[in-house]
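1. Fold the following.
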Amino acid sequence: MSATVSISSRDIDAVIFDMDGVVTRTATVHAAAWKQLFDEYLKERERRGEGSHRPFEIGTDYRQYVDGKPRYDGVQSFLASRGISLPFGQPADLPDRETVCGLGNRKDAYFQRQLSEQGAEAFQSTVGLVRALRARGVKVGVFSASRNAEEVLLAAGVADLFQVKVDGLDAERLGLRGKPDPAVLLETVRRLGVLPDRAAVVEDAGAGVQAARAGCFRLIIGVNRSGEPGALIASGGDVEVADLSEVILADA
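-> Have a look, this model is predicted:
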C-alpha cells in the first residue's frame with residue numbers, strides 16, 4: 001500500500017466516489033447475493049445433467065467478473081467464465097426465467113432482502129473526507145452501477161452527503177455503458193461542472209480503476225480493502241490505500 005495520499009484544491013476541483021466498498025459497506029452484501037445466485041443456478045444445471053461447474057468464489061470471482069459492473073454484465077461475465085451462454089432476455093424478466101436478465105433480477109431480489117434485513121453502513125473515514133472536501137470548496141459526487149444506489153445511500157444515512165449521484169438507473173435512461181467504459185464517471189463530473197483532468201476518482205474495483213484511466217482523470221485512488229496488494233495499481237490506479245483515512249488535504 002502507498003504512503004499517505006495528498007489532495008490539493010489547487011489541483012483538484014472535484015472528487016467522485018464509487019459507492020459500494022468505498023462509501024458504504026455493501027460490497028460484502030453484493031458478494032453474498034451473487035454467490036447465492038450462482039451457486040443455486042450451477043446446482044440447478046447439474047441436477048438437469050448439464051455438467052458440473054466450480055461454485056462461485058467470493059475471493060476471486062467477485063472481483064474478477066462482477067465487482068463494479070452493471071448487474072446483467074456481471075451475469076454474462078461470470079457465466080462465460082464457466083463456459084455457459086444464455087439468452088439475454090428482457091429487463092422485465094421474472095427472477096425464475098433462465099435468461100441473463102432473469103438471473104440478474106434474482107440476484108437483485110437476494111440483495112434487496114439482505115439490505116432490508118441488515119441495513120447499510122457508511123465508512124466513517126469516507127464520510128469525514130467528503131465533509132472535509134466540501135468545507136474547502138471541492139465538489140463531490142457518488143457513482144454506482146447499482147440501480148439500488150438511492151436506497152443504499154438512504155439506509156446508510158449519507159444520501160445528502162454528495163452534490164451529485166449517477167447510478168444504474170441513470171445509466172439505463174441515458175444509454176451509458178458500464179465499467180470499464182468511463183461513461184458513468186464522465187457523466188458524474190459533467191453534472192458537477194468539472195473536467196476529468198481536474199477531478200479525482202476513488203474506486204475499489206479493477207473495472208472502475210480502468211474506467212477512470214480511460215476517462216483521463218487527474219488522480220485515481222484505489223481503495224484496496226481485501227484484494228491482493230498492488231492489484232488496483234496494476235489496473236491503472238495512481239495510488240492504492242487500504243482506507244481513506246490515509247488521504248489528507250494538502251491545503252487543510
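
2. Give me the buried stretch members for stretch 226-239, please.
-> 227, 231-233, 235-239 (16 or more other C-beta atoms under 10 Å). For every residue, glycine as well, the C-beta is placed using N, CA and C.

3. Give me the pLDDT value at the residue nearest to Leu94 when sequence neighbours are not counted.
-> Distances taken as C-beta to C-beta, 6 or more residues apart in numbering place Gly102 nearest to Leu94, at 6.4 Å, with adjacent residues excluded. With respect to pLDDT, Gly102 has a value of 98.

4. circling back to that earlier point, right, and the pair among the buried residues of stretch 226-239 with maximum separation?
-> The largest separation in these, counting by C-beta to C-beta, is between Gly227 and Asp238 at 16.8 Å.

5. got the contact list for the residue nearest to Leu94?
-> 89, 93-96 (C-beta atoms under 8 Å, 6 or more residues apart in numbering).

6. ok, so of those, who is nearest Ser77?
-> Nearest to Ser77 among the contacts of Gly102, counting by C-beta to C-beta, is Gly89 at 16.0 Å.

7. how many other residues sit next to that closest one?
-> Using other C-beta atoms under 10 Å, Gly89 has 18 other residues around it.

8. any idea of the pLDDT on the nearest residue in space to it that is not next to it in sequence?
-> Distances taken as C-beta to C-beta, 6+ apart place Thr99 nearest to Gly89, at 2.7 Å, with adjacent residues excluded. Looking at Thr99, its pLDDT reads 98.

9. now swap in Gly227 and tell me
-> Value for Gly227, per-residue pLDDT: 69.

10. what about Leu94, neighbour count?
-> 12.

11. surely it meets Asn105?
-> Yes - between Leu94 and Asn105 there is a contact under C-beta atoms under 8 Å: 7.1 Å.

12. By residue count, what's the longest helix in this structure?
-> In the chain, assigned by DSSP state H, the helix with the most residues is helix 27-47.

13. And it, how far out from the chain middle?
-> 19 Å (C-alpha atoms, centre = their mean, to the nearest Å).

14. thinking again about what came up before, go ahead and confirm the residue nearest to Gly89 touches Leu86.
-> Yes - between Thr99 and Leu86 there is a contact at 5.7 Å, judged by C-beta under 8 Å.

15. who's in contact with the closest residue to Gly222 other than its chain neighbours?
-> Distances taken as C-beta to C-beta, 6+ apart place Leu232 nearest to Gly222, at 2.8 Å, with adjacent residues excluded. Counting by C-beta under 8 Å, 6+ apart, Leu232 touches 203-204, 206, 209, 222-224, 240.

16. do that again at 6 Å, thanks
-> When contacts are counted by C-beta atoms under 6 Å, 6 or more residues apart in numbering, Leu232 touches 209, 222, 224, 240.

17. Check which helix or strand it maps to.
-> Using DSSP states H and E, Leu232 maps to helix 231-234.

18. Helices of the stretch 151-252 of the chain, residue ranges please.
-> With DSSP state H, counting those that start in this stretch as the criterion, the stretch 151-252 of the chain has helices at 168-174, 183-192, 206-214, 231-234.

19. can you redo the ones you listed as a markdown table with mean pLDDT and distance to Arg136?
-> Listed next are these as a markdown table, based on pLDDT from 0 to 100; distance: least, C-beta to C-beta, whole Å:
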| stretch | mean pLDDT | distance to Arg136 |
| --- | --- | --- |
| helix 168-174 | 94 | 27 |
| helix 183-192 | 98 | 15 |
| helix 206-214 | 96 | 22 |
| helix 231-234 | 94 | 26 |
